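Next comes the sequence, and after it the predicted model I'd like to discuss.
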Amino acid sequence: MDPLLSGSDYNQLRAFVAVGDLLSFSRAAEMLGVSPSALSQMVRGFEERVGVRLLNRTTRSVALTDAGENLLHRVRPVVAELSQAIGQVRRYRERPAGTVRIHAFRSAAESFIQPILAAFAESYPDVVLDITLGDEVIDIVAGGFDAAIRIGEVIERDMVAVRLGPAMRQVAVASPAYLAAHGRPEHPRDLVQHRCVRWRWPGRATPYAWEFFEDGSWFSVAVDGPLIVNDKEMARRAALQGIGIAFPVEQTVAGDIAAGRLVPMLERWSATFPGLFLCYPQQRQMAPALRAFIDAVKAAATGTVLPAPAPG
């Protein structure tokens, strides 16, 4: 970039164009909302930077030099285009508009995003929500996302995290038919003798080792079984079909347990862990569109009814 167009030089260039168009420091100063002396200093500083006199001044008049007239002819449309572009960008500060990119665990999206979509689209017609669902743990910033919803234990330390729900726990479950055929494990380590429906974090090579809590510390069990999936809903359905023991988040199978379709086991060793959080990078100036999305998700999590946005 030409060093003449960096830093505060845009303001100096804009000052020169205003004076060149109006041939009056007082009228140009009024149009720009600055004092005539400040405007004079900006123009003088610009002339010093380019090293050429651009305006001839007297106590009664202002006239362009040949160099000034040539420069004004070239830069006037550029300054006008820049001013228009900056004005359009500033509108993003005044009302929610633009695209918000979100990455969310599938179960989190069902609980906290899906319920707000219709109302959000009606309230913010100029905002586009670009939502990617997946249980993989990605770098939010490197992936180009504005925010994510995930469990607390996989949130980067430098992120702002807003709790959306209570603590969670995983619980081993199986169908009555499976238990009738294979028996019931009495301790988590007994699971190595059972057929388990294993789950693999998307993007990872090995299945997840089931985690339990005993005597103040966590321990893991590397289970085995006939099925490995990377989708927790498929694991739940496989357990319902009697294929094996699954290890879902308790809230996702509460209805199946209440109806007797699945039987919980080993609950004594199933401890809680941080639940779902909305997280986003720390930022000094947050785009109104992102703020609107964050507020809508937080309201859905707490059951709060947000006021309608002011008409834009």
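Great, that's in hand. This structure is a prediction, so every number in the text was calculated from the model and none was measured.

okay, and the helix or strand of the protein with the least pLDDT?
helix 66-94 (a mean of 76; mean pLDDT, DSSP states H and E).

Helices of the chain, start to end?
9-22, 25-32, 36-50, 66-94, 106-108, 117-123, 176-182, 232-240, 254-258, 288-302 (DSSP state H).

Now render the ones you listed as a markdown table, adding mean neighbour count and distance to Val154.
(Glycine included, C-beta is placed from N, CA and C.) Listed next are these as a markdown table, based on neighbours: other Cβ atoms under 10 Å; distance: least, Cβ to Cβ, whole Å:
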| stretch | mean neighbour count | distance to Val154 |
| --- | --- | --- |
| helix 9-22 | 20 | 43 |
| helix 25-32 | 17 | 51 |
| helix 36-50 | 17 | 51 |
| helix 66-94 | 13 | 31 |
| helix 106-108 | 19 | 12 |
| helix 117-123 | 14 | 25 |
| helix 176-182 | 14 | 30 |
| helix 232-240 | 19 | 15 |
| helix 254-258 | 13 | 23 |
| helix 288-302 | 18 | 18 |
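
Show me the shaky parts of the stretch 51-200 of the chain.
For the stretch 51-200 of the chain, the stretches flagged by pLDDT under 70 are 86-94.

centre of the chain versus stretch 127-146, how much separation?
Centroid separation for stretch 127-146 versus its chain: 7 Å, with Cα atoms, centre = their mean, to the nearest Å.

Output it as CSV, nothing but the C-alphas.
Extracted in CSV, the C-alpha atoms of stretch 127-146 (Å, rounded to 0.1, in the frame of the first residue of the first chain):
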residue,chain,number,x,y,z
VAL,A,127,-29.4,-11.7,9.4
VAL,A,128,-28.4,-15.0,7.9
LEU,A,129,-27.6,-17.9,10.3
ASP,A,130,-25.1,-20.3,8.7
ILE,A,131,-25.2,-23.3,11.0
THR,A,132,-22.9,-26.3,10.9
LEU,A,133,-23.9,-29.3,13.0
GLY,A,134,-21.3,-31.8,14.2
ASP,A,135,-19.9,-33.4,17.3
GLU,A,136,-16.3,-32.8,16.2
VAL,A,137,-14.2,-30.4,18.3
ILE,A,138,-12.9,-27.7,16.0
ASP,A,139,-11.0,-24.5,16.4
ILE,A,140,-13.8,-21.9,16.2
VAL,A,141,-11.6,-19.0,15.0
ALA,A,142,-9.6,-21.1,12.5
GLY,A,143,-12.8,-22.6,11.2
GLY,A,144,-14.2,-19.2,10.5
PHE,A,145,-17.1,-19.5,13.0
ASP,A,146,-18.5,-16.7,15.1
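
what residues does that stretch touch?
96-106, 109, 113, 117, 120-121, 147-148, 150, 154, 156, 159, 201-203, 230-232, 279-281, 287, 289-290, 292-293 (Cβ atoms under 8 Å, 6 or more residues apart in numbering).
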